[in-house]
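Asks: my questions concern the predicted model and sequence given below.
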Amino acid sequence: MNALSVNVGSVNLKSPLILASGTCNFGRELSEYYDLKILGGISSKGLTIKPRAGNPGVRVAECDSGMLNSVGLQNPGVDYFIENDLDFMRDSGAAVIVNVAGHSYEDYIEMVKKLDPHKEKIDALEINLSCPNVKEGCMTIGSDPSAIRYITSELRKLTDLPIWIKLTPNVTDIKATALAAQAGGADAVVLINTLMGMRIDIRTRRPVLTNNTGGYSGPAVKPVAIRMVAECSQVLDIPIVGCGGIADYKDVIEFMIAGASAVEVGTACLVHPALPVDLTSDLEKYCEDNNIALKDLTGTLQRW
Ligand code: SIN
């Protein structure tokens, strides 16, 4: 038996480790560092109907314990992806999670209509209702429970593929947005995307990022993500994919105890591209030492 195998609803993963959207493109570059088939899955860069060049100027800034990004959904467009990258992802041996972004309800609907005919190559759609770096769609929809419920239910009518809703932490009550995704028919939620932040150059007194603000990720956001996973785990019936600041195997375990069925790893791989290789062997050792299957940890938090 593979001690690392987990399920996110109907999606079986050989490992809980999924590469987080936006930190691995479509996996090709990382395949030069290690064999991607050790991964549970790869979440593609956020895709849109038309290709996007992303935001101009400075788009990334290092911070204490993490980084800010305002990439602005740079991507080649969904048609190019289907033609040129989807087969690579399928052949990688990791589950294929396609991250779907949009600027309006209609965009998300058109995206799912374009992807559904390729469903035999796709394991799940990760609906990005959380990118903080574009003016319309994404986080604007993802901050409003009624909008989340509406778009999720519209997408549910269009496909049998598992629908994972990636939520923003930039809300007052994460339970309300997660429950709205569930009510709309989502198969899972992904918690969390980046926290909105800003850095200022004290010499010019201008924001470091040309877009002024960006999304903060990395080890500093982990306690926020853990808290949100633990809160949602108490109220949801659907699985949670945890994401935010994972840098070693203990972080994976912490997320699973909080309630995650699988996790996404991102920013730490920008520092150490082959990190999933270390995480895999450390998790295998943990399971062996503790005579445990990883999936048995999910939601085992003992509250005070
Ligand atoms: C970006 O491309 O700006 C980041 C994507 C995201 O936060 O979902």
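Replies: Ah, there it is. Numbering: from 1, shown residues only.
Asks: near the ligand, which residues of the stretch 151-300 of the chain? Just list them.
Replies: N193, T194, G215 (CB under 6 Å from any ligand atom). Where C-beta positions appear, they are placed from N, C-alpha and C, glycine not excepted.
Asks: export these to TSV and tack on distance to R303?
Replies: Output for those, formatted as TSV (distance: CB to CB, whole Å):
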residue	distance to R303
N193	26
T194	27
G215	30
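Asks: just the ones in strands from these, please.
Replies: Among those, the members falling in strands (DSSP state E) are G215.
Asks: turn the residues of the stretch 151-300 of the chain next to the ligand into CSV, columns for neighbour count and pLDDT.
Replies: As requested, those are exported to CSV (neighbours: other CB atoms under 10 Å; pLDDT from 0 to 100):
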residue, neighbour count, pLDDT
N193, 30, 98
T194, 29, 98
G215, 26, 98
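Asks: of the residues of the stretch 151-300 of the chain next to the ligand, closest to P56?
Replies: The closest of these to P56 turns out to be G215 (CB to CB; 16.9 Å).
Asks: show the model's pLDDT score for Q74.
Replies: pLDDT recorded at Q74 is 98.
Asks: could you report the neighbour count for the residue lying closest to it once chain neighbours are set aside?
Replies: By the measure of CB to CB, 6 or more residues apart in numbering, the closest residue to Q74 outside its immediate chain neighbours is G54, 3.0 Å from it. The number of residues packed near G54 is 15, by other CB atoms under 10 Å.
Asks: and for the one 3 residues further on?
Replies: The burial count assigned to G57 is 8, neighbours taken as other CB under 10 Å.
Asks: who's in contact with the lowest-mean-pLDDT helix or strand in the chain?
Replies: Lowest mean confidence among the helices and strands of the chain (mean pLDDT, DSSP states H and E): helix 139-142, at a mean of 93. For helix 139-142, the surrounding residues in contact (CB atoms under 8 Å, 6 or more residues apart in numbering) are 105, 129-132, 147-148, 151, 165-168, 170-171, 177, 193.
Asks: among those residues, which lie within strands?
Replies: Using DSSP E, the contacts of helix 139-142 in strands are I165, K166.
Asks: what's the closest of the contacts of helix 139-142 to the ligand?
Replies: Distances from the ligand to the contacts of helix 139-142, taken as CB to the nearest ligand atom, are shortest for C131 (3.3 Å).
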